[in-house]
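Undergrad: have a look at this prediction, sequence included:
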Amino acid sequence: MTEWNNKTVRALLWPLIVEQLLAVTIGIVDTVMVSSAGEAAVSGVSLVDQINQLLIIIFTALATGGSVVASQYIGRKDSKNCAASSKQMMLANTVLSVFLMVVTLIFYKYILYAAYGKMEDEVTQNARVYFRITSLSFPFFALYTSSASLFRAMGNSRIPMFTAVFMNVINIIFNWIFIIVLKTGVAGAAASTLICRIAGCVLIFILQCKDKYAPIYPENIHKTKLDALAIKKILRIGVPAAVESSLFQFGKILLARLVTDFGTAAIAANAVTGAIASFVYMPGTGFGMAILTITGQCLGAKDYEGAKLWTFRLIRLTYIVIVSLNIMNLLCMDMWLKLFNLQSETVALTQKYLTLHCITSSIAWPLSFALPNALRAAGDVKFVMISAVCTMWFVRISSSYLCAYVFGFEGLSVWIGMGLDFFFRAVIFTTRWKRGKWRSKNVI
């Protein structure tokens, strides 16, 4: 049996939730503060954030693969292989993130046009500025993500949380300086994000190299050479996760492009709804990370009953938190919207989008996004990838375009398609988990 109990799970869980809330706060602060520069600025930032998420998914997925492998080695009490695989993951992430940064800096204009086509001139200009500056943060964010995932795999979620607090303080200070005082608009928001990611990367990497904070740590990483076998184990989890997330995010970009057909008000309403909704997602994402760590360690120790027990308990807690936050969003909606300096037309659209999202996510989000982490921890990543990609493209995207152009729901159609996607994913992943086929999978 593994050593997880209510006390150790709480110690892992609450910093994960706080960290995720703080992580999304960076984006919220950017959106709120940059709204002083107008809705075109908000729209430009939101559209670039969609592309940035697509580009950084690759090294985020590698970090997930490294975390699963590390968790299972920890469950087997194999610290040597755990440290070796961690170094391989960090080295691979660094190389890939630098490559993505260079590609983005060279082709940013073409990437934006390919993603969104012809936009209003002011939105295009803001998007280009924000894209160029934030792309410089990719390598730093990759190393931060890698280090944070390894801390979580060891059951130490406090260090990533404290690092997230540090990053948020830095981001808020520089946002205030650049946007409010110096009036630099989206350039200031992007520079603040770059600075806070550099600071977070430096801090967490220093802490990771001290055995006081990380008993299993990748020492002498600068002397590490690529190990094909170790990389293969990580890629077995990371590649399907990257394919799934990349295609999923690409689908979201297509939907964002759909919204651009209905004007700046619809773009801004979609961005603000996404920002507010992210506060609901992030605690759930924290629960999902806990499932990845706990289930991974249980399966590494061959404790299948423990994996089932803790997955059930964490999904139940996810429902409680998601429903509570959605009720709060509905009750406080008018107060939230006053923070964004929106026109009356945009406010009305945002109210519709957010209400629909609160209903659908309360019913199906935990089973559609937190539960798949238990399957990933078991190595059942191909099934998760295929299912998620199919529901994204054949349910969310197709129904969104149908509702927009056939039934006339315009921007609301994106949130209708999202809700349908939640329901289909929930049914598929719940069925897979109950049938227990994940028991036959193996990572290490």
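TA: Good, I have the coordinates.

Undergrad: so Phe178 sits right up against Gly188, yeah?
TA: Yes. At 2.7 Å, Phe178 counts as touching Gly188 under the criterion of Cβ atoms under 8 Å. C-beta coordinates here come from the backbone N, C-alpha and C atoms, glycine included.

Undergrad: these two - which one has more neighbours?
TA: Comparing Phe178 with Gly188 by neighbour count (other Cβ atoms under 10 Å), the higher total belongs to Gly188, at 25 against 22.

Undergrad: element containing that one?
TA: Gly188 belongs to helix 185-208 when assigned by DSSP states H and E.

Undergrad: how far does that helix sit from the chain's center?
TA: Helix 185-208 sits 17 Å away from the centroid of its parent chain (Cα atoms, centre = their mean, to the nearest Å).

Undergrad: name the residues of it that are buried.
TA: For helix 185-208, the neighbour count (16 or more other Cβ atoms under 10 Å) marks 185-201, 203-205, 207-208 as buried.

Undergrad: on contacts alone, who are the packing partners of it?
TA: Helices and strands touching helix 185-208, by 3 or more Cβ pairs under 8 Å, 6 or more residues apart in numbering; DSSP states H and E, are helix 6-34, helix 39-75, helix 121-135, helix 138-153, helix 158-175.

Undergrad: if you set the cut-off to 10 Å instead, what comes out?
TA: When contacts are defined as 3 or more Cβ pairs under 10 Å, 6 or more residues apart in numbering; DSSP states H and E, helix 185-208 packs onto helix 6-34, helix 39-75, helix 79-116, helix 121-135, helix 138-153, helix 158-175.

Undergrad: OK, contacts around Pro139?
TA: Neighbouring residues of Pro139 by Cβ atoms under 10 Å, 6 or more residues apart in numbering: 59, 93-101, 197-198, 201.

Undergrad: any idea which helix or strand of the protein has the worst average confidence?
TA: Lowest on mean pLDDT, DSSP states H and E among the helices and strands of the chain sits helix 6-34, with a mean of 76.

Undergrad: shaky segments in the stretch 201-350 of the chain?
TA: Scanning the stretch 201-350 of the chain for pLDDT under 70 picks out 210-227.

Undergrad: how about the helices in it?
TA: Under the criterion DSSP state H, counting those that start in this stretch, the stretch 201-350 of the chain contains helices at 228-260, 264-300, 304-331, 333-337, 344-365.

Undergrad: is it possible to get a markdown table of these that adds mean neighbour count and distance to Lys87?
TA: Output for the helices of the stretch 201-350 of the chain, formatted as a markdown table (neighbours: other Cβ atoms under 10 Å; distance: least, Cβ to Cβ, whole Å):
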| stretch | mean neighbour count | distance to Lys87 |
| --- | --- | --- |
| helix 228-260 | 20 | 8 |
| helix 264-300 | 25 | 19 |
| helix 304-331 | 17 | 27 |
| helix 333-337 | 14 | 43 |
| helix 344-365 | 19 | 35 |
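
Undergrad: and the contacts of stretch 392-407?
TA: 244, 247-252, 254-255, 258-259, 261-262, 391, 409-425.

Undergrad: for stretch 306-322, C-alpha coordinates in CSV please.
TA: Provided in CSV are the C-alpha atoms of stretch 306-322 (Å, rounded to 0.1, in the frame of the first residue of the first chain):
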residue,chain,number,x,y,z
GLY,A,306,-5.6,3.0,-3.6
ALA,A,307,-5.6,4.5,-7.1
LYS,A,308,-9.3,4.0,-7.4
LEU,A,309,-10.1,5.3,-3.9
TRP,A,310,-8.1,8.5,-4.2
THR,A,311,-9.3,9.2,-7.7
PHE,A,312,-12.9,8.9,-6.6
ARG,A,313,-12.3,11.2,-3.6
LEU,A,314,-10.6,13.9,-5.6
ILE,A,315,-13.2,13.9,-8.3
ARG,A,316,-15.9,14.3,-5.6
LEU,A,317,-14.0,17.3,-4.2
THR,A,318,-13.5,18.7,-7.7
TYR,A,319,-17.3,18.8,-8.1
ILE,A,320,-17.8,20.5,-4.8
VAL,A,321,-15.4,23.3,-5.7
ILE,A,322,-16.5,23.7,-9.3
